[in-house]
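Colleague: Need coordinates for the following:
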Amino acid sequence: MSSSLIFPALFIAAGGKSAAWFIEQCDVFGQAIALLLVFCSIISICTMIQKFLELSSLRRRNAGFEQKLRVVDTIIGLNLLRVAEATPYEYLASEAGAAFQRHRGKVLNEASITLCMGHVENAIQRAIARQLVRYERRLILLTSLVSGGPFLGLLGTVYGVMIAFGGLSDKATISQLAPGVAGALVTTTCGLLVAIPATFGYNYLITQTKIMTTELENFASSLADRIELELQELLHRNDFADGVVSAPRVQTAPPAPAPTPISPAVEAPTPSFYRDEVAAPGTENL
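Modeller: Numbers count the residues shown, from 1 in each chain. Here you go, the predicted model:
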């Protein structure tokens, strides 16, 4: 295996020696690990670019669909197809619409609206879970490269140092030991070159994913509220069409209690001592 094919145009300013010289000091095992790490680095960069473009496209299409929903009169009347290419917002709206279609014609009172909204909200939550898996897809690959790259490089370094020390004689000099150790350190360098860009890329992408997750949950909440308001309005129109709504009741004061009948006054007898006082003179014996 020619190490010059791995880094054809890369030179390291370390005593005027190129990367090819360091690779040549590795054994076959170290060269294999270095080649594997270069392949992992290419995969990592391609994954980060692809994921960045995917999240940017989904966010732009979500904003466009949300803008379209603001100008439509009703959501429950939309017929959205559940296709694989749909944006997360479109998928949530289609799942909510499908849940409502199962209750079409059964919304007759407030209890039926509550039952319908329970099914709609469950469908929205299931759709959110599926879209979160879509958001986090391929991020596990970056996590594996961040964690496994340095360890894989360390494995090559430890193995190379072990071989370098094992091949020394009793009167070995530093000039005999240095090339083997330098070649063994190549794998650790390659491992770090894989892990460092992947770490920065993963942190950026996971932050964008969390932001889009929050936006998705907010859209789901507003979608459920709008569907419930439309169901209330639909029930209100149906009640007026059927003549069910009656005139508003006016509160009236309670009837006044009937007056208590007053019995006729009975003239009380005049006390005897009063009669004695007012009797005319000369009438005492009468």
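Colleague: Tell me where the model's unsure across the protein.
Modeller: 1-19, 76-85, 105, 107, 167-172, 238-286 (pLDDT under 70).
Colleague: Do you have the strands of the stretch 101-250 of the chain handy? List them.
Modeller: Counting by DSSP state E, counting those that start in this stretch, the stretch 101-250 of the chain has no strands to list.
Colleague: Show me where it has its helices.
Modeller: For the stretch 101-250 of the chain, applying DSSP state H, counting those that start in this stretch gives helices covering 110-135, 139-166, 174-242.
Colleague: What's the separation between residue 26 and residue 132?
Modeller: Computed with CB to CB, to the nearest Å, the distance linking residue 26 and residue 132 is 43 Å. Every C-beta, even on glycine, is put in place using the N, C-alpha and C of the backbone.
Colleague: who has more neighbours, the two?
Modeller: Relative neighbour count places residue 26 above the other of residue 26 and residue 132, with 27 against 16, counting by other CB atoms under 10 Å.
Colleague: these two touch, right, that one and residue 189?
Modeller: No: here residue 26 lies out of contact with residue 189, judged by CB atoms under 8 Å, at a distance of 11.2 Å.
Colleague: about what we covered before: a markdown table for the helices of the stretch 101-250 of the chain, including distance to residue 54?
Modeller: Output for those, formatted as a markdown table (distance: least, CB to CB, whole Å):
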| stretch | distance to residue 54 |
| --- | --- |
| helix 110-135 | 9 |
| helix 139-166 | 11 |
| helix 174-242 | 10 |
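Colleague: Just tell me which of those ends up closest to residue 61.
Modeller: Distances from residue 61 to each of the helices of the stretch 101-250 of the chain were compared using CB to CB; the shortest belongs to helix 174-242, at 11.6 Å.
Colleague: And residue 20, how far from residue 66?
Modeller: Relative to residue 66, and taking CB to CB, residue 20 is found at 54 Å.
Colleague: Then residue 124?
Modeller: Distance of residue 124 to residue 66, given as CB to CB: 15 Å.
Colleague: In contact with the nearest residue to residue 102 once chain neighbours are set aside, which residues?
Modeller: The spatial neighbour of residue 102 that comes closest, neighbours along the chain excluded (CB to CB, 6 or more residues apart in numbering), is residue 119 at 6.8 Å. When contacts are counted by CB atoms under 8 Å, 6 or more residues apart in numbering, residue 119 is found next to 99, 102, 103.
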